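Trainee: what would the 3D arrangement of this be:
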Amino acid sequence: ATAAATTEAPAAAAAAVPEYVSLVARVGFIQRENSWYPVCPGKDNCNAKVVRAEEGGGWHCNRCGQDFASKTNRFVLQTTLQDESGSARVTAFGDQAEVLMGGVSADEVEELQGKDVDKFDLAYQATQEKRFRFVLRLKKEEYQEQTRVKAIVVRVERVDEEAEAKRVEESKAALREELEKQQSRLDGGGV
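Mentor: As a prediction, this is how the structure comes out:
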C-alpha cells in the first residue's frame with residue numbers, strides 16, 4: 001500500500017470491518033500537543049485513562065475503581081507518514097508510538113517538557129525522515145456528518161536500510177537472471 005492510499009475508504013468499510021495494510025514510509029511530523037494522556041498505574045495494566053482524585057491530589061481509575069498516588073502516561077501520537085505517493089495522517093498508541101519516539105517513553109517526554117524544552121523538541125524530531133515499516137488498521141467512520149478513514153498503527157518497525165538495500169539488489173539480480181534465461185531461450189529458438 002501507499003501513504004496516499006490510506007485515505008481511501010477500505011473495501012470492507014461498508015460492512016464496518018477494518019482493513020489491514022502494510023507500507024514503508026518516512027515519519028514526516030509528530031504532533032506535540034495532546035500527545036499523551038494519564039493512565040492507570042495498576043498492576044493489571046488496564047491502560048484506562050485516570051482523572052485527578054477529588055481528595056488527596058492523587059489519581060482515580062474508574063475502570064479499577066482505585067485511587068493511586070501517581071499515574072503513568074501513554075502516548076497517543078498524531079503522525080504524518082510520507083512516501084513517494086503522498087502523505088497520510090495516522091494515530092499510534094502506547095508501545096508502537098514509543099518506537100516512533102525513538103524509545104523515549106511518554107513519562108520521559110512529560111518530564112522533559114517541564115525541564116528542558118530543547119530536549120523535549122528533539123524527542124519529537126528524533127525519527128523524522130526515518131523510514132519505518134508500518135501495519136495500519138483502516139476503518140471508515142462518520143464524524144460530524146462526514147465520512148473519513150481512520151488509520152491506526154498496529155505495528156511499526158524501523159527499516160534496516162542496509163538489509164533493505166541488499167534485498168533490493170538481490171531482487172534485481174534475480175530479475176536480471178530470469179531475463180537472461182528468457183533471452184537465451186529466445187536467441188536459441190526455444191520459446
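Trainee: the strands in this structure, which residues?
Mentor: Taking DSSP state E to define them, one finds strands in the chain at 19-30, 36-39, 50-52, 59-61, 66-68, 72-83, 86-93, 131-143, 146-158.
Trainee: make a markdown table out of these and add distance to Val109, mean neighbour count and mean pLDDT.
Mentor: Quick note: C-beta positions are derived from backbone N, CA and C, even for glycine. Formatted as a markdown table, these follow (distance: least, Cβ to Cβ, whole Å; neighbours: other Cβ atoms under 10 Å; pLDDT from 0 to 100):
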| stretch | distance to Val109 | mean neighbour count | mean pLDDT |
| --- | --- | --- | --- |
| strand 19-30 | 11 | 18 | 93 |
| strand 36-39 | 7 | 20 | 94 |
| strand 50-52 | 18 | 16 | 91 |
| strand 59-61 | 18 | 21 | 90 |
| strand 66-68 | 20 | 16 | 87 |
| strand 72-83 | 8 | 20 | 94 |
| strand 86-93 | 14 | 20 | 94 |
| strand 131-143 | 19 | 18 | 90 |
| strand 146-158 | 17 | 16 | 91 |
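Trainee: those strands: which one's closest to Glu111?
Mentor: strand 72-83 (9.6 Å; Cβ to Cβ).
Trainee: quick one, the closest one and strand 19-30 angle?
Mentor: Strand 72-83 and strand 19-30 are oriented at 100 degrees to each other (axes from the mean of the first three to the mean of the last three Cα atoms, to 10 degrees).
Trainee: starting at the chain centroid, how far to strand 72-83?
Mentor: 6 Å (Cα atoms, centre = their mean, to the nearest Å).
Trainee: what pairs with the nearest residue to Glu129 once chain neighbours are set aside across the strands?
Mentor: In space, and not counting its chain neighbours, Glu129 is closest to Arg26: 5.4 Å by Cβ to Cβ, 6 or more residues apart in numbering. Per DSSP bridges, the residues bridged to Arg26 are Gln82, Arg131.
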